[in-house]
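Chemist: make a model of this:
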Amino acid sequence: MNEPAPSSSASAPVSKSYRRYVLVVLTLVYTLNFIDRQILVILQESIKLDMGLSDSQLGLLTGFAFAIFYVSVGIPIARWADIGNRRNIVSLAIAVWSGMTAISGLTQNFWQLLMARIGVGVGEAGGSPPSHSIISDYYPAEQRGSALSFYSTGVYIGILFGFLIGGWINSEFGWRTAFFVVGVPGFLVALLVRLTIREPVRGGLDGRALETPATMGETLRKLRGYSSFRLFAIAGGLNAFSSYGIGNFMPSFLIRSHGFSSMEVGTSLALITGIGGALGTYLGGVLADRFGARDKRWYLWIAAITGGCSVPLMFSAVFVGDPRLALGCLFFATMLGAFYLGPTIAISHTLVSPSMRAMASAILFFILNFIGLGMGPLVVGMISDFLAPTYGAESLRYSLGIVSFINLLSATFFILAARRLLADLKQ
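Modeler: Numbering: from 1, shown residues only. A predicted model of the protein is given here:
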């Protein structure tokens, strides 16, 4: 499992069709990653009633408890990916998180479910950094924004199917069965990755295939020296804070404030968040590659513009009385808020050498997920609990409204990062 890549077979020329196949399979992996990660969100109201949980505990389960282990374990796994066989790491990671998702269906109390979610986080830490690195070795620099954005659509495709499958199974068979149904297929995908994906030449498309692997310390020092990286990583984290905080509680909001059933929530959010988010994620990379060919700062400007424009739409989605209008605003807010992800990953890979890419992704995701997934849902839940004595069942609405403005701060950090990017690229 620890053997250095590439093998001789990986050194052979790669056809465009096989390169696309690898991208599609890895996107399937990321889709499964988010189905297993987000399935708890659509099930949380049923679990809350069954186990007698508070909104703060729900925020801990869907956010901080998962994120703290996801981001901390991701760093050493990324180091492993920068020197070892990335395909094998991804395959093993899928098996771990899928098994822990299935085990979630057996839990009987908050602490057991918490431990299962921690296990999912540990497994999923081995998914994206190695996958990002593989994709960057299959696609040249001028196509990486689009390729990584296509991969990142797995976030929203996963949410789409997670909400659809979770909402239906929860309604018909209960939340425990839902965990089994989404967890078990992961073992088949793990085999698909192990048997059909070839480990690519590391840095081969950059003319640096024989580069000596960088150490973790070298990668950290490299990124620390880029003020643009620090700024756009914080910007991405703030965007994720808003999207995870609002997204993880949107099913509960629709049930409490608009009277939706579990099935209605699953179907509505699957189509709105899934399609809108996937469309925005892919368009973000395509536009960044197109405009960024002339000026790399467009990778960050696009994230700033679209993220800022999402704020009034998300605020409207939370406070309008008509549920149909609320869902329409949510669709466009989600789409615009998703533009940032692919360009942010692509520009971080542009700043570092090929042997640092998995680690660069892990560090970027450490910041994104600690701020976003770790703190977003927890803070939304805490604000909702704090406001509950005053606003009752509507406390969640006001909590979501407050958090929707975070994307304005995110856009500001993206603009500041763009001002420093060209100087950093010259280093």
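
Chemist: show the pLDDT at residue 236.
Modeler: Listed pLDDT for residue 236 reads 95.

Chemist: now for it: which residues touch it?
Modeler: Residue 236 sits next to 303, 340-341, 344, 364, 367-368, 372, 410 when contact means CB atoms under 8 Å, 6 or more residues apart in numbering. (Each C-beta comes from the backbone N, C-alpha and C, glycine too.)

Chemist: any idea how far it lies from residue 160?
Modeler: 22 Å (CB to CB, to the nearest Å).

Chemist: ok, then the element right after the longest helix anywhere in the chain?
Modeler: Counting residues, the longest helix in the chain under DSSP state H turns out to be helix 16-51. Using DSSP states H and E, the next helix or strand after helix 16-51 towards the C-terminus is helix 55-59.

Chemist: quick one: contacts of that following helix?
Modeler: 44, 47-48, 110, 248-249, 252, 377-382, 384-385, 388, 396.

Chemist: same check on stretch 416-427?
Modeler: 225-232, 235, 296-297, 299-301, 304, 347, 350-351.

Chemist: pull out the buried positions in that stretch.
Modeler: For stretch 416-427, the neighbour count (16 or more other CB atoms under 10 Å) marks 416-418, 420-421, 424 as buried.

Chemist: ok, so of the residues you listed, who is nearest residue 155?
Modeler: Closest approach between the buried residues of stretch 416-427 and residue 155, by CB to CB: residue 417, at 21.6 Å.

Chemist: quick one: distance of the host helix or strand of the closest one to the chain centre.
Modeler: Applying DSSP H and E as the criterion places residue 417 in helix 406-425. The chain centre lies 20 Å from the centre of helix 406-425; the measure is CA atoms, centre = their mean, to the nearest Å.

Chemist: with just CA atoms, put that helix into CSV.
Modeler: What follows is helix 406-425 as a C-alpha-only set of coordinates in CSV (Å, rounded to 0.1, in the frame of the first residue of the first chain):
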residue,chain,number,x,y,z
ILE,A,406,-21.1,35.8,6.1
ASN,A,407,-20.6,35.5,2.4
LEU,A,408,-20.0,39.3,2.2
LEU,A,409,-17.0,38.8,4.4
SER,A,410,-15.9,35.9,2.3
ALA,A,411,-16.0,38.0,-0.9
THR,A,412,-13.9,40.7,0.8
PHE,A,413,-11.2,38.2,1.6
PHE,A,414,-11.2,36.8,-2.0
ILE,A,415,-10.7,40.4,-3.3
LEU,A,416,-7.8,40.9,-0.9
ALA,A,417,-6.3,37.6,-2.0
ALA,A,418,-6.5,38.6,-5.7
ARG,A,419,-4.6,41.8,-5.0
ARG,A,420,-1.6,39.6,-3.8
LEU,A,421,-1.9,36.7,-6.2
LEU,A,422,0.3,38.0,-9.1
ALA,A,423,3.3,38.7,-6.8
ASP,A,424,3.0,35.2,-5.2
LEU,A,425,2.9,33.5,-8.6
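
Chemist: what about it, average pLDDT?
Modeler: 95.

Chemist: re the thing from before, return the member of the contacts of residue 236 nearest to residue 16.
Modeler: Of the contacts of residue 236, the one sitting nearest to residue 16 (CB to CB) turns out to be residue 341, at 24.4 Å.

Chemist: re earlier: in the longest helix of the chain, what counts as buried?
Modeler: 19, 22-23, 25-48, 51.

Chemist: list the residues that contact the spatially most central residue of the chain.
Modeler: Nearest residue to the geometric centre of the chain (CA atoms, centre = their mean): residue 155, 5.5 Å. Contacts of residue 155 were listed using CB under 8 Å, 6+ apart, and they are 30, 34, 277-278, 281, 338, 341.

Chemist: tell me who's in contact with residue 415.
Modeler: 300-301, 304.

Chemist: are any of the contacts of residue 236 buried, and which?
Modeler: Among the contacts of residue 236, those classed as buried by 16+ other CB under 10 Å are 303, 340-341, 344, 364, 367-368, 372, 410.

Chemist: could I get those as JSON lines with distance to residue 182?
Modeler: Below are the buried ones among the contacts of residue 236 laid out as JSON lines (distance: CB to CB, whole Å):
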{"residue": "303", "distance to residue 182": "30"}
{"residue": "340", "distance to residue 182": "27"}
{"residue": "341", "distance to residue 182": "23"}
{"residue": "344", "distance to residue 182": "28"}
{"residue": "364", "distance to residue 182": "27"}
{"residue": "367", "distance to residue 182": "28"}
{"residue": "368", "distance to residue 182": "23"}
{"residue": "372", "distance to residue 182": "22"}
{"residue": "410", "distance to residue 182": "30"}
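
Chemist: what about the closest residue to residue 218 other than its chain neighbours, how many neighbours?
Modeler: Nearest non-adjacent residue to residue 218, counting by CB to CB, 6 or more residues apart in numbering: residue 356, 7.3 Å away. Close neighbours of residue 356, defined as other CB atoms under 10 Å, add up to 26.

Chemist: also residue 288?
Modeler: Residue 288, neighbours per other CB under 10 Å, totals 29.

Chemist: and it, what pLDDT?
Modeler: Residue 288 is given a pLDDT of 90.

Chemist: if we can go back for a sec, could I get the average pLDDT for the longest helix of the chain?
Modeler: 88.

Chemist: give me the buried positions along whichever strand or helix holds residue 155.
Modeler: Assigned by DSSP H and E, residue 155 falls within helix 154-172. For helix 154-172, the neighbour count (16+ other CB under 10 Å) marks 154-171 as buried.

Chemist: hang on, the earlier thing: greatest separation within the buried residues of stretch 416-427: which pair is it?
Modeler: 416 and 424 (12.5 Å).

Chemist: pLDDT weak spots in this protein?
Modeler: Applying pLDDT under 70 to the chain flags residues 1-13, 204-213.

Chemist: give me that answer again for 50
Modeler: For the chain, residues meeting the criterion pLDDT under 50 lie at 1-11.

Chemist: ok, which stretches of it are strands?
Modeler: Shown for the chain, no strands are assigned by DSSP state E.

Chemist: make sure residue 409 is actually in contact with residue 238.
Modeler: Yes: under the criterion of CB atoms under 8 Å, residue 409 makes contact with residue 238 at 5.4 Å.

Chemist: ok, residue 305 - contacts?
Modeler: Counted by CB under 8 Å, 6+ apart, residue 305 has contacts residue 411.
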